[in-house]
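**Q** Pasting the sequence and the predicted coordinates here, then a few questions.
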Amino acid sequence: MTTFADALAASPDLFARLLPTVYFNKHLALTPPLRPSSLHRALTGFRTARIHIGALQSCAGSAVVRIGHSVVACGITPYLVSTDTDVAACGTLFTNVDVAGRRDGMPLAEYVALSRWLFTTANGVGLYEPTDLRVLNPIDGSETGLAFALQAQIQVFAPTAPSQPPQDVVWACLISALASTMIPRLALAPEDDINFITAATAKFSHVGATKLQLQYDIENLPWCVNFGIAHPSGLVLADLDGRVEEVSVDGHIMIIACAPSANDMQDEPKLVAMELSTGLTDITRAQIQQCISLTQKRAYELSAILKTQLQR
């Protein structure tokens with residue numbers, strides 16, 4: 001007669017679904033410890049990352065990022081607002097994250113929360129100077145009373161449960177799309193009067209479009225990395241992947257940081273943002289320092305991948 005234990009032993013997938021924390025701890029108890037999402041990836045190792053820019057021709061900037069099995073696409077669209085009546089929107093980056101192909105029902109709460117976090121963080125860290133998106137008269141450089149706002153539409157193609165949006169992959173895709181964004185140029189016909197041009201009547205041309213100037217060099221862009229702290233071992237897991245790891249770690253650390261200069265990898269990365277959540281045990285300073293060091297290496301790697309794409 002087959003027992004419940006026999007069934008679990010015969011089906012690791014069933015074991016992981018029914019008892020994820022037990023399954024997780026069994027792997028970490030091995031010598032050396034193994035992570036359940038990938039037996040070939042070290043606890044502090046990262047998934048393979050691929051970045052492709054310019055995939056969406058109808059957008060001013062776009063990117064598709066694949067990290068592990070998570071795929072995210074982002075398109076950046078500029079639209080006109082008035083500097084008189086829409087002051088808060090001028091130069092602002094608006095974000096919307098959703099599951100690709102999902103058309104029915106209300107947006108998932110977790111993705112709404114991610115959209116809000118992305119909006120707050122992206123605008124808060126100063127990825128670009130909002131005043132750079134003012135529309136100037138191409139003839140004399142004077143103000144036109146118009147400015148661009150940017151809309152980032154992000155679609156997640158994730159094999160995991162939709163309730164677990166890949167925060168780090170979404171951030172990487174947004175950064176990559178912004179790095180490739182071109183701002184169109186105001187086109188004036190001889191009969192146009194600049195004093196009467198509005199957001200509804202203005203015409204733009206992609207000929208002579210200018211690149212969005214980011215506040216960070218391509219080699220030093222801010223990247224997001226997620227970590228988990230296992231209980232009671234205190235082991236640090238980098239780049240969490242899958243439901244088992246997400247629900248089984250005791251503490252979470254999210255770091256957004258810039259890569260160091262290529263000449264000195266020992267430089268401390270510039271920390272842009274950090275979020276901590278603890279469980280049964282406190283997160284120690286040593287664990288935070290380890291995560292910062294790993295973030296430095298990951299940011300350098302992702303910046304190098306993006307730079308290669310932009311040079312093509």
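**A** Arrived safely, thanks for sending. Numbering: from 1, shown residues only.

**Q** phi, psi of the most centrally placed residue in the chain?
**A** Residue closest to the average C-alpha location in the chain (Cα atoms, centre = their mean): Trp171, at 0.7 Å. Here is the backbone geometry of Trp171 (degrees, to the nearest 10): phi -60, psi -40.

**Q** Three-state assignment for the residue nearest to it when sequence neighbours are not counted, please.
**A** Closest residue to Trp171 apart from its sequence neighbours, by Cβ to Cβ, 6 or more residues apart in numbering: Cys224 at 3.8 Å. Any C-beta I mention is one placed from the backbone N, CA and C, and that applies to glycine too. Of the three states, Cys224 takes strand under DSSP: H, G, I helix; E, B strand; the rest coil.

**Q** And Cys224, how far from Cys258?
**A** Computed as Cβ to Cβ, to the nearest Å, the Cys224 to Cys258 distance reads 11 Å.

**Q** And for Asn25?
**A** 35 Å.

**Q** quick one, which of those two is more surrounded?
**A** Cys258 (22 against 17; other Cβ atoms under 10 Å).

**Q** Surely the more buried one is in contact with Leu221?
**A** Yes. Counting by Cβ atoms under 8 Å, Cys258 touches Leu221, with 6.6 Å between them.

**Q** what touches both of these two?
**A** Taking Cβ atoms under 8 Å, 6 or more residues apart in numbering as the contact rule, Cys258 and Leu221 both touch Ala299.

**Q** So the protein: which segments form each domain?
**A** Annotated domains of the chain cover 49-215, 220-305+308-312 [automatic domain parsing].

**Q** closest one to Pro36 among those?
**A** domain 220-305+308-312 (4.9 Å; Cβ to Cβ).

**Q** how much space between the residue nearest to His231 when sequence neighbours are not counted and Gly228?
**A** Here the nearest residue to His231 in space, its sequence neighbours aside, is Asp250; by Cβ to Cβ, 6+ apart that works out to 3.5 Å. As defined by Cβ to Cβ, Asp250 lies at a distance of 8 Å from Gly228.

**Q** Same check on Asp282?
**A** From Asp282 to Gly228 the distance is 15 Å (Cβ to Cβ).

**Q** if you count what's nearby, which of the two comes out ahead?
**A** More crowded of Asp282 and Gly228, by other Cβ under 10 Å: Gly228, with 23 against 12.

**Q** Quickly find the element holding the more buried one.
**A** strand 222-229 (DSSP states H and E).

**Q** can you give me the helices in the stretch 1-150 of the chain?
**A** All helices of the stretch 1-150 of the chain, identified by DSSP state H, counting those that start in this stretch, fall at 4-10, 12-18, 20-28, 109-124.

**Q** Next, the buried residues of the second one.
**A** Residues 15-16 are the ones in helix 12-18 that count as buried (16 or more other Cβ atoms under 10 Å).

**Q** what distance separates it from the middle of the whole chain?
**A** 30 Å (Cα atoms, centre = their mean, to the nearest Å).

**Q** now the longest one
**A** In terms of Cα atoms, centre = their mean, the centre of helix 109-124 is set 10 Å apart from its chain centre.

**Q** outside of that helix, which residues touch it?
**A** Contacts of helix 109-124 (Cβ under 8 Å, 6+ apart): 92-99, 152, 154, 156, 162-165, 167, 170-171, 174, 256, 273.

**Q** Next step: these restricted to strands.
**A** In strands, judged by DSSP state E, the following of these are found: 93-99, 152, 154, 156, 256, 273.

**Q** ok, now which ones touch the residue lying closest to Gly279 once chain neighbours are set aside?
**A** Excluding its sequence neighbours, the residue lying closest to Gly279 (Cβ to Cβ, 6+ apart) is Asp250, at 3.8 Å. Asp250 makes contact with 228-231, 278-281 under the criterion Cβ under 8 Å, 6+ apart.

**Q** List just the nearest of these to Leu310.
**A** Gly228 (31.7 Å).

**Q** Okay, and the beta partners of that closest one?
**A** Leu237, His252 (DSSP bridges).

**Q** The helix of greatest length in the chain: how far from the chain's middle?
**A** Ranked by residue count and defined by DSSP state H, the top helix of the chain is helix 285-310. Relative to the centre of its chain, helix 285-310 is centred 13 Å away, using Cα atoms, centre = their mean.

**Q** and that helix, which residues are buried?
**A** In helix 285-310, counting by 16+ other Cβ under 10 Å, buried: 287-288, 290-292, 294-300, 302-303, 306, 309.

**Q** other SSEs contacting it?
**A** Counting contacts by 3 or more Cβ pairs under 8 Å, 6 or more residues apart in numbering; DSSP states H and E, helix 285-310 is packed against strand 49-53, helix 167-179, strand 222-229, strand 236-238, strand 251-258, strand 271-277.

**Q** other SSEs contacting the fifth one?
**A** Spelled out, it's strand 251-258. helix 167-179, strand 222-229, strand 271-277, helix 285-310.
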